[in-house]
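1. sequence first, then the predicted structure:
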Amino acid sequence: MPGRNSLVALSGVLALAGLLLAPSPVRADKPSPGLKVAGGARIAVINLLDAEVTYFHAAHRLQDSFLKTYPVSWSAGAMLQEALQERLTQLGLTPVPLPPGDALSHAREICFLEPNLAKGLPKDCAAIYAQFAAREEVAALIVLGPGLNDGDHAGSSRRKDLPDYLRGWCVVTAEGGAPPTLLNLTELLLIGPGAKGAVLVEREWGGALNGPASGFTPPADVKSLSEAQLAPLQGQFAALLRQQAAALSAYLLVQH
């Protein structure tokens, strides 16, 4: 949706102008099968995904399509913590849910939505993550944030029949009676320390995990969607998030 959050993004850029200068991505110098951490290490669990679902109705004529974003009562942070808790505990690690703080919150657009994270972290974002890890004394960060239905984020999983600007958690209906679809347009990142600051160890793109929206009944009026109609989607998005979390946690290697 063009222009959405533009004021927030602009204020974030201005507030961090002294820090956010270099666009080059930062990855580990040599590809690694994972991030080695000590047993018992603190792993920060950080959510940057808004508590909302975007409903998009795709009409045959683009001008008849409809999009609206609805706030939900679910806690994406709690869902992320639940998705990671059991596996990290089994590994002997200590998951620590932490608020993102002002710097990460303000930089969400430029650290999640603008870059191609398949190429690594922009250096400015790597600096913010490194400062966060040092301040909180954590060995790694697992961060959930929004992605986009575009080539940089989705790659071959991009839905070419849908707008590029769809982001985060979405439910899609279409004319002609096609079943409603969930889109999990999110990025889940494992970030660890490196010789020159924080590096992106692994990225799990949620858009490859899309599926049918079971139990969702499209409204008679596509411009009016109730919380009761959205409620059945929470468990389904939580299940998709658990798949992302399981894949990502495989890259945490514990040294005893």
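-> Yep, it's here.

2. now do the SS call for residue 201.
-> strand (DSSP: H, G, I helix; E, B strand; the rest coil).

3. quick one: it and residue 35, what's the gap?
-> Residue 201 is 4 Å from residue 35, where distance means CB to CB, to the nearest Å. Bear in mind the C-beta positions are built from the backbone N, C-alpha and C, glycine included.

4. overlap in contacts, these two.
-> Common neighbours of residue 201 and residue 35 are listed as 140, 190, 192, 251 (criterion: CB atoms under 8 Å, 6 or more residues apart in numbering).

5. closest one to residue 205 out of those residues, please.
-> If you rank the shared contacts of residue 201 and residue 35 by distance to residue 205 using CB to CB, residue 190 comes first, at 12.8 Å.

6. let's verify that closest one: helix, strand, or coil?
-> Per three-state DSSP, residue 190 ends up strand.

7. follow-up on the earlier one: neighbour-wise, which of the shared contacts of residue 201 and residue 35 leads?
-> residue 192 (24 neighbours; other CB atoms under 10 Å).

8. give the phi and psi angles for the closest residue to residue 41 other than its chain neighbours, as a check.
-> Of all residues not flanking residue 41 in the chain, residue 139 sits nearest, at 3.8 Å (CB to CB, 6 or more residues apart in numbering). The phi and psi torsions at residue 139 (degrees, to the nearest 10) take the values phi -90, psi -20.

9. then the one 10 residues further on?
-> Listed backbone geometry of residue 149 is phi -80, psi 60, with angles given as degrees, to the nearest 10.

10. which ones are touching it?
-> Per CB under 8 Å, 6+ apart, neighbours of residue 149: 158-159, 162-167, 183, 185, 207.

11. where's the residue nearest to it when sequence neighbours are not counted relative to residue 108, distance?
-> Distances taken as CB to CB, 6+ apart put residue 166 closest to residue 149, at 4.4 Å, once the chain neighbours are dropped. Look at residue 166 and residue 108: by CB to CB, they are 17 Å apart.

12. equivalent analysis for residue 120, please.
-> Counting by CB to CB, the gap from residue 120 to residue 108 is 17 Å.

13. and the two? Which one has more around it.
-> residue 108 (22 against 18).

14. for that one, list the residues it contacts.
-> 12, 48, 100, 145-146.

15. likewise residue 41?
-> 93-94, 138-140, 254.

16. what of residue 144?
-> 46-49, 76, 80, 186-189, 241.

17. what about those, which are in strands?
-> 46-47, 186-189 (DSSP state E).

18. tell me the one of the shared contacts of residue 201 and residue 35 nearest residue 61?
-> residue 190 (42.5 Å).

19. how close does that closest one get to residue 159?
-> Taken as CB to CB, the span from residue 190 to residue 159 is 26 Å.

20. in a markdown table, list the shared contacts of residue 201 and residue 35 along with distance to residue 113 and pLDDT.
-> A markdown table is the format used below for those (distance: CB to CB, whole Å; pLDDT from 0 to 100):
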| residue | distance to residue 113 | pLDDT |
| --- | --- | --- |
| 140 | 23 | 98 |
| 190 | 19 | 98 |
| 192 | 22 | 96 |
| 251 | 23 | 97 |
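
21. next, format those as CSV and append distance to residue 223.
-> Shown next, in CSV, are those (distance: CB to CB, whole Å):
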residue, distance to residue 223
140, 43
190, 39
192, 45
251, 43
